[in-house]
Every structure is written in C-alpha cells, then in structure tokens.
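# Take a look and give me a structure for this.
(one chain, ligands or ions: 1)
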Amino acid sequence: MRTLIKTSLMSFVLASPLAMASSELTDRVEQLYEEQLDDLFLWFHQNPELSMMEFKTSKRLASELEALGYEVSTGIATTGVVAIMRNGEGPLVMMRADMDGLPVKEKSGLPYASTATQVDWEGNNVSTMHACGHDVHITSLVGTARIMAERKSDWSGTLMLIGQPAEERISGAKAMRDAGIWETFGTPDYALAFHVTSTVPTGMIVADPAPYSGADTVDIIIKGVGAHGASPHRGVDPVLLGSQIVLGLQTVVSRNLSPRRPGVITVGSFHSGTKHNIISDEARLQLTVRSESKADRALLLDGIKRVAENMGRVAGLSGDMLPEVIVSEESVPPTLNNADLLAQLREVWSDALGEQVFFEEERLGMGAEDFPFFTVDPNIRSVYFAVGGTPKADFEREAAGGEPVPSHHSPLFKITPKPSVTLGVEATVVALMDLLQE
Ligand SMILES: [Zn+2]
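The predicted model follows:
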C-alpha cells in the first residue's frame, strides 16, 4: 500500500502540469531569444543612453510593448514607460526594468561592443556603455511581456511593466513615483525586479532577504581660521581638523554599531586649501553612509554629527563655528525582500527551475538600488532577485590565476546575454504566473 502510494505520487510529480509547463516554457523562451530577443539585446547594447536621457531606448521599449497589445504610456518623469495588460479579476503586479547606461567607453573586446556617444548633462560628448547590464533587464522585460501576452489564459489580474530611467543616479524610481504613477495606473499588490550580475554564474539566481543597503549622502563643512602656514598658532587648521574627523568617523562603525550589524561610513571627497604655505579657512568632506535598518541609520547619522561637532570643540572652535553636518534629503532606503513573498517565490522557482538554480552568495559589499522608492511608501510586498551573467568557466579561469571577471561599471564589463536574458524571462514569468491568479 505504502509503495503503491509512493509510486503513484512519484508519477504524479513527474507528470505534474507545472513540471511540463516549465520545460515547455524553457523551450519557448529559447525560441523567442533566437526569433527576437537576440537582435533586441544587440540593439539596446549598441545604443546605451545616459540617465534621464534614455530617449531612443524608451521609444524602442514602448513600441515593442505596444506591438504586444499592452496599453503603453511614455514620457513619465522624462523617459519612463508604463505598460499595462488587463486580464480579468486578480491582483495588480508590477515588474520593473531600469534602462540607463553609463558614461564609460566600452573596452570589452566583444564584436558587438558599443561605440555610441552622447552629449552628457554638462554638454560634453561622452562615450556610453551598458556597463551595468541594464540592457539585459529591458530585453528580458520584452521577453516576459511577450510570454505573458501569449499565455493570457494561464493568468488573471493586471500586469504592469515599468521601464525606469536613471537607476544609476538613484533618481528614476522616485521621479516616477513623484509623477503619480500609482495614482494614475493603480498601486500594485506586488512588485518585482531583478539585476543581472557578473559575480554570479549563468543559469543561477540569487534570492536573499536583503539584496541592497540603504544609502545616505552627507556633507560636512568645516570652518577654520586662516593663517600663514608658518604661524599655525594664529589659526585653526581645517585640514588637520578634517583629518581628525575622518579618523573619528571610523570609530562610529567599529565602536558604536553592533558588530553583527552592517554599516559603512566612507569619506569619498576631502577638499581644502589653495597653496603650500596657507592654512585654509574651510574644508569640505563628502560622505556616503550605508545601513540596513532605520535604527542603524539613525545611529550612524547621529554618530557623524557627534564626532564632527565635538572634534570642532577639541580644536577650540566656538559654538557658532562648529562643523556643520548636512544630511541630504535624497536618502535611499534599503532594498529588503518581503519574507513571506520571498519564501513563496523561492518555492515556485525551485519547483520550476530546480533547487540547484539558487546561488547562495554571501553579500560582502553594501551597494544600493533605487527600487525601494517603489515599495516603501506605501509598503508593497516585493522581491528583488539577481540573475547570473558570467559563464562558470570564467570564474574557474580567474581562480586559476587567469584574467579576472570584470566588475560592473568597468569598461571591460561583459555578461553573456543569452543565458542571462532567458533565465531573467523564465524566473520572472514563473513568479508572475504564481502571483497573477484570481
Ligand atoms: Zn545597475
């Protein structure tokens, strides 16, 4: 009896509609890549455009989506695209792809490398490159759009596809929200996005609880008292004070933040002075601050203020002369996946793509993303995942002392388009099919 049940269960699992559907889906996406997505990827790759100047890109994306029967709105927050497909009762699910390239001259050596240029925000003619792989995201978005349109009988609800400008400037998502996209098109019940990554092997995805950190931008203006370089006793040296602040700031993460909590304070810019023998009267520091919770963020920002002001007191500055700490309003919240939704989608992906699809990577840096501007206020259940973009052989070559795998934003950056795009489409379609049910 037991054996019987087991056997019939086994045959049920083997022939389950989901398993059948997923191999069918793999075949269809492969076919679609050859038919359409290969050319589309090349076009996007060879026409990279800078943040908030994605004019050709958004036009092409919009026309591809329109041809598939989506209701497409363009020009949102300059170049943003929203494409809607209504398909009966059910939730509203949003999938976002960022569209911008970078001011980088491509040196990947690929036969299809970008030779494009564009006049930048300051009027300079610069080389442009999809050096972060956003070309994979928009190509995949079109692939996903097409499969969802072909399989309308398999889902129910409303699908919202977003082409977002200016992720690289951490401003496009916020600009689209400020333009009122939820008010116009409805507030999604779920939101999804993915990033291709050169640090993960092709054929694998990363789906972790905290894909990206929060980021704050801080300026510190240090006032000093100018003097001759030979008479330091007549002044207050802002270069020395600034140096003490830089060192003091490193104690905030190492001594105030709990050792098992992530946090970074980086002073990326320190400017002061004009000449060898003049003690300047001002120094300016520019900082990036990374955290992953509201409490940690407050602790780091308070710590920066405390260190800066009190170092000013140490230097003998009066109350009205103390260093001024300015926290930019352009704060980016951390990208944190909804725990229940993540567990649900991991199960769905595991069933459709196999348990081996997950790359369990320990995240070592504290990069940021502007996707949470779509999901934190109001809170929308969301999952942000990563798709591998580098063949396994390249990591093996690097490990053997060979050429390193180029990082994102490098002129040498390259991803392997076909497996990245096809897995991006498959993982997205599988997730959307699960969420878009009555
Ligand atoms: Zn990116």
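
# With just CA atoms, put stretch 153-170 into CSV.
Extracted in CSV, the C-alpha atoms of stretch 153-170 (Å, rounded to 0.1, in the frame of the first residue of the first chain):
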residue,chain,number,x,y,z
SER,A,153,-5.4,32.1,-20.4
ASP,A,154,-2.9,30.9,-17.7
TRP,A,155,-3.2,34.0,-15.5
SER,A,156,-5.7,36.5,-14.2
GLY,A,157,-5.3,40.1,-13.0
THR,A,158,-3.4,43.1,-14.2
LEU,A,159,0.2,43.2,-15.3
MET,A,160,2.2,46.4,-15.1
LEU,A,161,5.6,46.6,-16.7
ILE,A,162,7.8,49.5,-15.9
GLY,A,163,10.8,50.9,-17.9
GLN,A,164,12.6,53.1,-15.4
PRO,A,165,15.1,55.9,-16.2
ALA,A,166,18.1,56.9,-14.2
GLU,A,167,18.7,54.0,-11.8
GLU,A,168,22.4,54.9,-11.9
ARG,A,169,21.6,58.3,-10.4
ILE,A,170,19.3,56.7,-7.8
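
# May I see the buried residues of that stretch?
155, 157-168, 170 (16 or more other Cβ atoms under 10 Å). The way it works is simple: take the backbone N, C-alpha and C, and place the C-beta from them, glycine included.

# ok, now which ones touch the nearest residue to Ser272 once chain neighbours are set aside?
Excluding the flanking residues, the one nearest Ser272 by Cβ to Cβ, 6 or more residues apart in numbering is Ala283, at 3.5 Å. Taking Cβ atoms under 8 Å, 6 or more residues apart in numbering, we find Ala283 in contact with Ile221, Ile222, Gly224, Pro238, Val239, Leu241, Gly242, Phe270, His271, Ser272, Gly273.

# Does Ala283 belong to a helix, a strand or coil?
strand (DSSP: H, G, I helix; E, B strand; the rest coil).

# Next one: it from Leu249, what distance?
Relative to Leu249, Ala283 is positioned 14 Å away (Cβ to Cβ, to the nearest Å).

# hmm, back to that, show me which of the contacts of Ala283 is closest to Thr416.
Nearest to Thr416 among the contacts of Ala283 is Phe270, at 39.9 Å by Cβ to Cβ.

# Quick check, the closest one in contact with Val246.
Yes: counting by Cβ atoms under 8 Å, Phe270 does reach Val246; the two are 6.8 Å apart.

# Touching both of these two, which residues are there?
Leu285.

# all helices of the protein, in order?
2-14, 17-32, 38-46, 55-67, 134-150, 172-178, 181-185, 238-251, 294-314, 339-353, 372-375, 392-399, 417-435 (DSSP state H).

# Could you list every helix and strand that the shortest one packs against?
Think helix 372-375. helix 172-178 (3 or more Cβ pairs under 8 Å, 6 or more residues apart in numbering; DSSP states H and E).

# in the helix it packs on, what counts as buried?
Gly172, Ala173, Lys174, Ala175, Met176, Arg177.

# want to try CSV for these, with distance to Met366 as columns?
Formatted as CSV, those follow (distance: Cβ to Cβ, whole Å):
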residue, distance to Met366
Gly172, 21
Ala173, 19
Lys174, 20
Ala175, 24
Met176, 25
Arg177, 23
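
# Which two of those residues have the greatest separation?
Gly172 and Arg177 (9.8 Å).

# Can you give me the separation between Asp154 and Asp434?
Asp154 is 11 Å from Asp434, by Cβ to Cβ.

# can you map out the strands along the stretch 51-200 of the chain?
71-76, 80-87, 92-98, 117-119, 125-127, 157-164, 190-201 (DSSP state E, counting those that start in this stretch).

# Which strands or helices does the fifth one pack on?
The reference is to strand 125-127. Contacts defined by 3+ Cβ pairs under 8 Å, 6+ apart place strand 125-127 against strand 117-119.

# The strand it packs on pairs with which strands?
strand 125-127 (antiparallel) (DSSP bridges).

# Name the residues of the strand it pairs with that are buried.
Per 16+ other Cβ under 10 Å, strand 125-127 contains these buried residues: Val126, Ser127.

# contact partners of it?
Leu50, Pro103, Val104, Lys105, Glu106, Ser114, Thr115, Ala116, Thr117, Gln118, Val119, Asp120.

# what does the average pLDDT come to for it?
For strand 125-127, mean pLDDT rounds to 97.

# do stretch 406-421 as well
pLDDT averaged over stretch 406-421 gives 97.

# Same question for stretch 53-60.
pLDDT averaged over stretch 53-60 gives 98.

# Likewise for stretch 320-327?
98.

# Can you tell me the centre-most residue of the protein?
Glu369 (3.7 Å; Cα atoms, centre = their mean).

# which residue packs closest to that one, ignoring adjacent ones?
Tyr212 (4.2 Å).

# Name the residues that touch stretch 336-347?
With Cβ under 8 Å, 6+ apart as the test, stretch 336-347 has contacts from 190, 207-211, 292, 358, 372, 381-385, 431, 434.

# Tell me the gap between that stretch and the middle of its chain.
Chain-centre distance of stretch 336-347: 18 Å, with Cα atoms, centre = their mean, to the nearest Å.

# Now for Leu240, how many residues are close by?
Residues lying near Leu240 (other Cβ atoms under 10 Å) number 17.

# Make CSV from the strands of the stretch 51-200 of the chain and add distance to Arg146 to it.
Shown next, in CSV, are these (distance: least, Cβ to Cβ, whole Å):
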stretch, distance to Arg146
strand 71-76, 14
strand 80-87, 11
strand 92-98, 13
strand 117-119, 29
strand 125-127, 32
strand 157-164, 11
strand 190-201, 17
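
# among those strands, which is nearest Gly229?
Per Cβ to Cβ, nearest to Gly229 of the strands of the stretch 51-200 of the chain: strand 125-127, 39.0 Å.

# thinking in terms of the whole chain, how far from its middle is the closest one?
24 Å.

# pLDDT value on Ser11, please?
40.

# Can you list the low-confidence ranges for the chain?
The model of the chain has pLDDT under 70 over residues 1-21.
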